[in-house]
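A.B. asks: Prediction below, plus the sequence it came from.
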Amino acid sequence: MSLFRGVDRWLFSYLAEIPQRRPPRQGEDVHLLLCVCDHYEPKGGHAPTELARARVRRWVEEYPRSLGAFRDSDGRPPQHTFFYPAEEYEPELLDGLASLCRGGFGEAEVHLHHDHDTADDLRHKLLAFKDTLAEQHGLLARRRDTGEAVYAFIHGNWALNNSRPDGRWCGVNDEITVLRQTGCYADFTLPSAPSPTQTRTINRIYYARSEPRRPKAHDTGTTVCSKPAPSDALLLIPGPLLLDWQRRKWGILPGIENGCLQASQPPTARRLDLWLRARVQVPTRPDWFFAKLYAHGAPEVQADMLLGEPARQFHQALAQRAASDPHFHFHYVTAREMYNLARAAEAGHSGHVDEARDFELLGPRVARRVSTSGTACPISQ
């Protein structure tokens, strides 16, 4: 049996990075890039259609009312990225989410649960769903240079690249290649601990390949800025993964901090300190702290927390910290914006966060304005 829920799969990496894993020092500039990636499954738990529609309506109505008054250091409201499962597609549900996104509260991306699949079938599913989101619902980003519709990805059951030991919930060893070929710009699946799909690479933004004959080839890769980005690799942006000694099991074993937001693990100021300590960063911008969090926000018990008082208290705590500490700044970002910021930092961007949110990929609203006007995008790099 694996040591303490699979910690042995990443413990060596965790120990090796101790020298650089530390909280920000007093007077150190901190720009927190906060991204909530929701595995948003309104039909989860075999919910009937009417319940699924009610779940989406609740988010569309309550999110602006409950969280819309909060503002980050750039004056933007909290952002939410809805990774919607392709196998749960229903036009009315996506139309609802699209209206919330058009209101300026987030963006939608691609989520997928599949099992015993083939590369060809996977390619068909991804291309079909990408086209549906982009063409029928006005969602998804566009490349600044070509106008191609692109998407971010989270794998269902964490099984990216056929990474489960039993081979379930995927089947495609060469999945990253298929993702790249179908327009995926980055994967946001990790961390997956305590699942056995967790990689050895933790707390690092990195490029990874896949191989037809080897599952879980993304176990390691090329850390961003350590070498030139490989042309056949995909950027992986993980969330924080640490041992939490203040939250112990049986009063002895440390808990795992993996960026999960759920009713039993709401966002708090204490957890924020752990996310900063993880130092998921691009080396060229040591003042930028990437905090990719995840949730399963459609079910009622999770929505109660994400749309309710625990979330409001956290956003208020962020504002109070920024008001009291001139070195602390926080920025609500979508998955697309987090990718753009990582790529901008890799390219040597030395300016403000707000100047690089659309560095390579344009958001759906900007992309629509550009495509209908036939002019170049006015946002500079």
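C.D. replies: That came in fine, so what should we check first? On a predicted model such as this, the values are computed, not experimentally measured, just so you know.
A.B. asks: correct me, but V36 touches L261?
C.D. replies: Yes. At 6.8 Å, V36 counts as touching L261 under the criterion of Cβ atoms under 8 Å. Just so you know, the C-beta spots here come from the backbone N, C-alpha and C atoms, and that holds for glycine as well.
A.B. asks: Those two: who's more crowded?
C.D. replies: Higher neighbour count among V36 and L261: V36, with 25 against 22, using other Cβ atoms under 10 Å.
A.B. asks: Bridged to that one, which residues?
C.D. replies: When assigned by DSSP bridges, V36 has beta-bridge partners L293.
A.B. asks: what's it in contact with, if anything?
C.D. replies: Contact analysis of V36 by Cβ atoms under 8 Å, 6 or more residues apart in numbering lists P78, Q79, H80, T81, L261, L293, Y294, A295.
A.B. asks: Look up how far T334 lies from it.
C.D. replies: Taking Cβ to Cβ, to the nearest Å as the measure, V36 falls 9 Å from T334.
A.B. asks: what sits in contact with each of V36 and L261?
C.D. replies: Residues within reach of V36 and of L261 at once, by Cβ under 8 Å, 6+ apart, are L293, Y294, A295.
A.B. asks: Now do the contacts for W158.
C.D. replies: Contact partners of W158, counting by Cβ under 8 Å, 6+ apart, are R164, T189, S192, S195, T197, Q198.
A.B. asks: In helices only, show me those.
C.D. replies: If you go by DSSP state H, the contacts of W158 have nothing in helices.
A.B. asks: Among those residues, which are located in strands?
C.D. replies: Mapping the contacts of W158 onto strands (DSSP state E) picks out no residues; all lie outside.
A.B. asks: How is S73 assigned, secondary-structure-wise?
C.D. replies: coil (DSSP: H, G, I helix; E, B strand; the rest coil).
A.B. asks: Now for it, how many residues are close by?
C.D. replies: If you count neighbours by other Cβ under 10 Å, S73 ends up with 18.
A.B. asks: That one - nearest residue in space that isn't next to it in sequence?
C.D. replies: Spatial nearest neighbour of S73, chain neighbours left out: H329 (4.1 Å); criterion: Cβ to Cβ, 6 or more residues apart in numbering.
A.B. asks: If we only consider the shared contacts of V36 and L261, which is nearest to D120?
C.D. replies: Y294 (29.2 Å; Cβ to Cβ).
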